[in-house]
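Trainee: pasting the structure only:
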């Protein structure tokens, strides 16, 4: 398969720059993959599509304000006078105070240089594969670094949102069930839920299970090659609790809220011989057309970027031809795309 097989044209005006006033105000394209048909609907109608025996699986990872803006300094500690940006991805497991990060400008932030952020000198320690840097926060453990992020960090809005983050984004770029801090991008399908909608889903007899996958480089990194099979996903950490596993196993149909939930569930099912058991691990699962799904029976997901691994996952679940046709319909009907946009329910 080629990346070009998953391309499509999208007018820039359809890329949502801000969320709608209400979380459940978005439109929802309801797709029946067996019939090969769809219906224009809304997220507020979601309870009509679920019932007893269904389990909605949501990702409760919380987005870190992981974008740090500062000033460059050279190896002698002198100010270089230039602006710099560090996007923290995850703590490095080898040593406290070390984090993996993406940096800008990459050519100037070589090992030995530093960036001053909020009075803290963040040193570039090493260059890792795929443009990742190893950065050091001297004398600071993970809790202290997270405190620095809360005080001085910015929400890591995707680059297609062409504005600076605002105070409102610190709440709206989180799901209402976000609890476990660790993501550098929101599990965006979950952004459509509010308290009343969750209550209506449960009133229909469906259950809700919370799992955790910390969204990192694997989810949002562009394809590394034109040939799809040559791409390697970066591993992301996930956890399924005993309570969540029991609810999922008891379900007649699992409705995954978002592609991160899909990857977590299918990775766990692969490790458990088809069963979902309590598990804490990491996954680099890359789902493309031809994949055999073992856990997920329905999927709620936003509209994704052309040539992205997320779009390939959707094509694997709904079928490539139906996905292309549904996206063309969504463009024609001027649905709102990407993180703050509308969504699809694929049953």
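Mentor: Received it, and whenever you're ready, just let me know what you need. Small disclaimer: the values here were computed from a predicted structure and weren't measured.

Trainee: What distance separates the opening and closing residues of stretch 29-38?
Mentor: 7 Å (C-alpha to C-alpha, to the nearest Å).

Trainee: Same check on stretch 40-56?
Mentor: End to end - C-alpha to C-alpha - stretch 40-56 spans 21 Å.

Trainee: could you give the mean pLDDT of it?
Mentor: Stretch 40-56 comes out with an average pLDDT of 98.

Trainee: which outside residues touch it?
Mentor: Stretch 40-56 is touched from outside by 23-30, 192, 197, 200-201, 203-209, 247-248, 250-255, 257, 298, 300, 333, 343, 345, 347, with contacts defined as C-beta atoms under 8 Å, 6 or more residues apart in numbering. C-beta coordinates here come from the backbone N, C-alpha and C atoms, glycine included.

Trainee: what about burial for those, which qualify?
Mentor: Buried subset of those (neighbour count, 16 or more other C-beta atoms under 10 Å): 23-24, 26-30, 192, 197, 200-201, 206-209, 247-248, 251, 254-255, 257, 298, 300, 343, 345, 347.

Trainee: Would you check how far apart residue 215 and residue 331 are?
Mentor: 26 Å (C-beta to C-beta, to the nearest Å).

Trainee: Which one's more surrounded, the two?
Mentor: A count of neighbours by other C-beta atoms under 10 Å puts residue 215 above the other of residue 215 and residue 331, at 24 against 16.

Trainee: so the more buried one, which of the three states?
Mentor: Recorded secondary structure, residue 215: coil (DSSP: H, G, I helix; E, B strand; the rest coil).

Trainee: How about it, nearest residue that isn't a chain neighbour?
Mentor: Excluding the flanking residues, the one nearest residue 215 by C-beta to C-beta, 6 or more residues apart in numbering is residue 183, at 4.0 Å.

Trainee: that older thread, helices - which of the buried ones among the contacts of stretch 40-56 land there?
Mentor: Judged by DSSP state H, the buried ones among the contacts of stretch 40-56 include 197, 200, 201, 247, 248 as members of helices.

Trainee: Looking at these, spot the one nearest residue 224.
Mentor: Using C-beta to C-beta, residue 248 comes nearest to residue 224 of these, at 32.0 Å.

Trainee: just for this protein, where's the confidence low?
Mentor: 74-81 (pLDDT under 70).

Trainee: rewinding a little: count of residues packed around the residue nearest to residue 215?
Mentor: Neighbour tally, residue 183, other C-beta under 10 Å: 27.

Trainee: For it, give the beta-bridge partners.
Mentor: Beta-bridge pairing for residue 183 (DSSP bridges): residue 63.

Trainee: That one contacts residue 218, doesn't it?
Mentor: No: in this structure, residue 183 is not within contact of residue 218 by C-beta atoms under 8 Å, at 11.4 Å.

Trainee: Which residue ranges of the stretch 201-347 of the chain form strands?
Mentor: 207-213, 236-240, 253-257, 279-283, 298-302, 343-346 (DSSP state E, counting those that start in this stretch).

Trainee: The lengthiest strand in the chain: which residues count as buried?
Mentor: Determined from DSSP state E, the single longest strand within the chain is strand 79-91. Neighbour-count burial for strand 79-91, counted by 16+ other C-beta under 10 Å, picks out 84, 85, 86, 87, 88, 89, 90, 91.

Trainee: What is the nearest of those to residue 133?
Mentor: Nearest member of these to residue 133, counting by C-beta to C-beta, is residue 86, at 8.0 Å.

Trainee: What distance do you get for residue 225 to residue 304?
Mentor: Relative to residue 304, and taking C-beta to C-beta, residue 225 is found at 19 Å.

Trainee: Show me which of those two is the more surrounded one.
Mentor: The neighbour count for residue 225 versus residue 304, taken as other C-beta under 10 Å, is higher for residue 304 (24 against 11).

Trainee: Pull the contacting residues for the more buried one.
Mentor: With C-beta under 8 Å, 6+ apart, residue 304 has these contacts: 259, 310, 311, 314, 338.

Trainee: for those residues, which one is nearest residue 156?
Mentor: residue 338 (14.2 Å).

Trainee: what sits opposite the closest residue to residue 142 other than its chain neighbours in the beta ladder?
Mentor: In space, and not counting its chain neighbours, residue 142 is closest to residue 91: 5.1 Å by C-beta to C-beta, 6+ apart. Per DSSP bridges, the residues bridged to residue 91 are residue 99.

Trainee: which residues does residue 91 contact?
Mentor: So residue 91 contacts 98, 99, 100, 142, 145 (C-beta under 8 Å, 6+ apart).
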